[in-house]
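Novice: sequence first, then the predicted structure:
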Amino acid sequence: MTEPEPAAPAVPASRPVLAVVGRPNVGKSTLVNRILGRREAVVQDTPGVTRDRVSYDAVWNGREFVVVDTGGWASDADGMAARIAEQAELAIGAADAVLFVVDATVGTLDEDEAVVRVLRRSKKPVVLAANKVDDPRAEAEAAAMWNLGLGEPYAVSALHGRGSGDLLDAVLEALPPAPPESFEEVRGPLRVAIVGKPNVGKSSLLNKLAGAERSVVDNASGTTVDPVDELVELDGRTYQFVDTAGIRRRVKEASGHEYYASLRTQGAIERAEICVMVIDAAETVSDQDLRILTSVVEAGKGLVLVFNKWDLTDDERRYYLAREVEKDLQTYWWAPRVNLSALSGRHVDRLGKAIEEAYSGWEQRISTGKLNAFLGRLVAAHPHPVRGGKQPRILFGTQAQAGPPTFILFTTGDLDPQYLRYVERRLREEFGFPGTPIHLQVRARE
Ligand code: GDP
Ligand code: GDP
């Protein structure tokens, strides 16, 4: 699924990205090690060897962010200012803030100037690190870096750690503010919408879930009797079922009702995190069912499939239903499915677990390290086919947000839709993501 821009996230849950740029040998990788506070095999002394990992999860003063290390990218490009600038541009485009590293002992070269031009154009917040200031005598050289016009140069020694605390404080200031702590703290109970075409049993299901067999008021006059939402407890957890008045109120006889019904459905989908899609198991899966499912997935909501009226199905009907599911609902194979009877209550108790499962997938996060290790294996085992003499390559990826899981892939060119579907399928095989659409965005280097 390629979405140019995903719907506004329910929670601004993304970790900000810091790109570390600069010409080769200024100490970017050493500084990244310093930021990560551990010795990983980031520094690579063999020129021309491309490292398979370029992004790392970092934390400073409790604030999590992603560090993209461009140190390995230009190792074969000695002296080529244009190439270095090009590499930097890609990383800068993906970043929320940039850590620009210069070598204070050498001063600024053409290659540095090329990166500075890219930085100016990008208008991203920049923190300037004047590296290799191993002792106080070199401070004056660091101060000379004011002439780059990028603000205060932070004198650091990536090798010995000197000045790195102040530098990281400045980095945190440059990054966007921290998101709220957790979903429930911000939003209260998980919001669930029961959706489906008329007469599939939505209000019967709601009645069963709410525990009380309420008489459905035939309320064609449109008076709102029920509150709009209802709090329902399932397996000890409280859910907010949204727009239940719309389900309970029956205005099926009014003219134009289908239009209003679909507007209401859309509204309920937008307000919810998880949608419970009710399908009448006794009837052929219809276009109207498929349209509602498309709306759920396009809105980026979690999805549970309910096949209701199971009591009305016999062996023959179940046989044909399985065929219909295979034919029309294959795209939603990842959605938890519950066959139940709202009328008798049979298996209604399975719904809570299915909603939880969909929510876990919807909120799932993959660390940048794990994601890139996975992408490295994927690209090695199954490279993108050559297109017009070129072979687009995934350079690295990051999960920009959850709810729904949204990934940004940084590539050397546009990816075929089939290849994106392959990436999505492999992501699911590797990490699960039950009950949720996955959004993949591609940022191709021009
Ligand atoms: P990159 O190409 O920008 O990633 O640079 P590296 O991190 O690979 O560092 C290049 C060289 O500079 C290595 O030999 C590092 O040991 C050295 N280096 C990095 N930081 C410092 C520093 O703060 N002081 C000194 N003296 N050497 C450093
Ligand atoms: P809604 O329009 O989707 O809210 O559907 P309703 O809940 O009003 O149900 C439509 C009709 O289907 C009613 O006559 C219900 O009694 C019937 N119904 C709902 N669930 C079931 C079920 O599980 N089995 C059977 N046999 N009938 C059901």
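Specialist: Received, thanks. Ligands and ions are numbered 1, 2, ... in the order given.

Novice: and residue 128, bridged to which residues?
Specialist: residue 100, residue 153 (DSSP bridges).

Novice: where's it relative to ligand 2, distance?
Specialist: According to Cβ to the nearest ligand atom, to the nearest Å, residue 128 stands 61 Å off from ligand 2. Where you see a C-beta, it was placed from the backbone N, CA and C, and this is true even at glycine.

Novice: I'd like to know how far that residue sits from residue 94.
Specialist: 19 Å (Cβ to Cβ, to the nearest Å).

Novice: what does residue 313 give?
Specialist: From residue 313 over to residue 94 (counting by Cβ to Cβ), the distance is 50 Å.

Novice: for the stretch 101-250 of the chain, what lies in contact range of ligand 1?
Specialist: Remark: the part of the stretch 101-250 of the chain in contact with ligand 1 comprises 131-132, 134, 157-159, using Cβ under 6 Å from any ligand atom.

Novice: out of these, grab the one that's most surrounded.
Specialist: Counting neighbours by other Cβ atoms under 10 Å, residue 131 comes out on top of those with 30 neighbours.

Novice: thinking that one is in contact with residue 106, fair?
Specialist: No - with contacts counted by Cβ atoms under 8 Å, residue 131 stays clear of residue 106, the gap being 9.9 Å.

Novice: who touches both of these two?
Specialist: Shared contacts of residue 131 and residue 106, defined by Cβ atoms under 8 Å, 6 or more residues apart in numbering, are found at residue 26.

Novice: so who does residue 308 touch?
Specialist: Contacts of residue 308 (Cβ under 8 Å, 6+ apart): 200-201, 204-205, 278-281, 340-342.

Novice: in strands only, show me the residues you listed.
Specialist: 278-280 (DSSP state E).

Novice: map the structural domains onto the sequence of the chain.
Specialist: Split into domains by the TED database, the chain comes to 17-174, 190-363, 368-444.

Novice: picking up where we left off before, most surrounded residue in the ones in strands among the contacts of residue 308?
Specialist: Neighbours here mean other Cβ under 10 Å. Within those, the largest count is held by residue 278, at 28 neighbours.

Novice: thought that residue was touching residue 206?
Specialist: No - taking contacts as Cβ under 8 Å, residue 278 lies outside contact range of residue 206: 9.8 Å.

Novice: residue with max distance from the center of the chain?
Specialist: residue 137 (46.5 Å; Cα atoms, centre = their mean).

Novice: rewinding a little: identify the contacts common to residue 278 and residue 206.
Specialist: residue 194.

Novice: tell me the SS of residue 261?
Specialist: At residue 261 the chain is in helix, as set by DSSP: H, G, I helix; E, B strand; the rest coil.

Novice: which residues touch it?
Specialist: Applying Cβ under 8 Å, 6+ apart, the residues near residue 261 are 197-198.

Novice: distance of it relative to residue 311?
Specialist: In terms of Cβ to Cβ, residue 261 sits 25 Å off from residue 311.

Novice: what residue in the stretch 201-350 of the chain comes nearest to ligand 1?
Specialist: Using Cβ to the nearest ligand atom, residue 300 is the residue of the stretch 201-350 of the chain that sits closest to ligand 1, at 37.5 Å.

Novice: so that residue makes contact with residue 401?
Specialist: No - judged on Cβ under 8 Å, residue 300 makes no contact with residue 401 at a distance of 9.9 Å.

Novice: with neighbour numbers in mind, choose between those two.
Specialist: A direct count of neighbours by other Cβ under 10 Å for residue 300 and residue 401 places residue 300 higher, at 25 against 22.

Novice: relative to residue 270, how far out is the more buried one?
Specialist: 10 Å.

Novice: in this structure, what secondary structure element scores lowest on mean pLDDT?
Specialist: helix 183-187 (a mean of 57; mean pLDDT, DSSP states H and E).

Novice: ranges for the strands of the stretch 251-400 of the chain?
Specialist: In the stretch 251-400 of the chain, the segments counted as strands under DSSP state E, counting those that start in this stretch are 274-280, 302-308, 337-339, 394-401.

Novice: and for the stretch 51-200 of the chain?
Specialist: If DSSP E, counting those that start in this stretch is used as the criterion, the strands of the stretch 51-200 of the chain fall at 55-60, 63-69, 97-103, 126-131, 153-155, 190-195.

Novice: just the closest residue of the stretch 301-446 of the chain to ligand 1, please.
Specialist: Nearest to ligand 1, among the residues of the stretch 301-446 of the chain, is residue 396, at 15.9 Å (Cβ to the nearest ligand atom).

Novice: do I have it right that that residue meets residue 408?
Specialist: No - with contacts counted by Cβ under 8 Å, residue 396 stays clear of residue 408, the gap being 9.3 Å.

Novice: could you check which of those two is surrounded by more residues?
Specialist: For residue 396 versus residue 408, neighbours defined as other Cβ under 10 Å are more numerous around residue 396 (23 against 19).

Novice: pLDDT score assigned to residue 96?
Specialist: Looking at residue 96, its pLDDT stands at 91.

Novice: any idea how far the closest residue to it other than its chain neighbours is from residue 418?
Specialist: Nearest residue to residue 96, sequence neighbours excluded (Cβ to Cβ, 6 or more residues apart in numbering): residue 16, at 4.1 Å. Look at residue 16 and residue 418: by Cβ to Cβ, they are 32 Å apart.

Novice: quick one, which of these two is more surrounded?
Specialist: Between residue 16 and residue 418, residue 16 has the larger neighbour count (other Cβ under 10 Å), namely 20 against 10.
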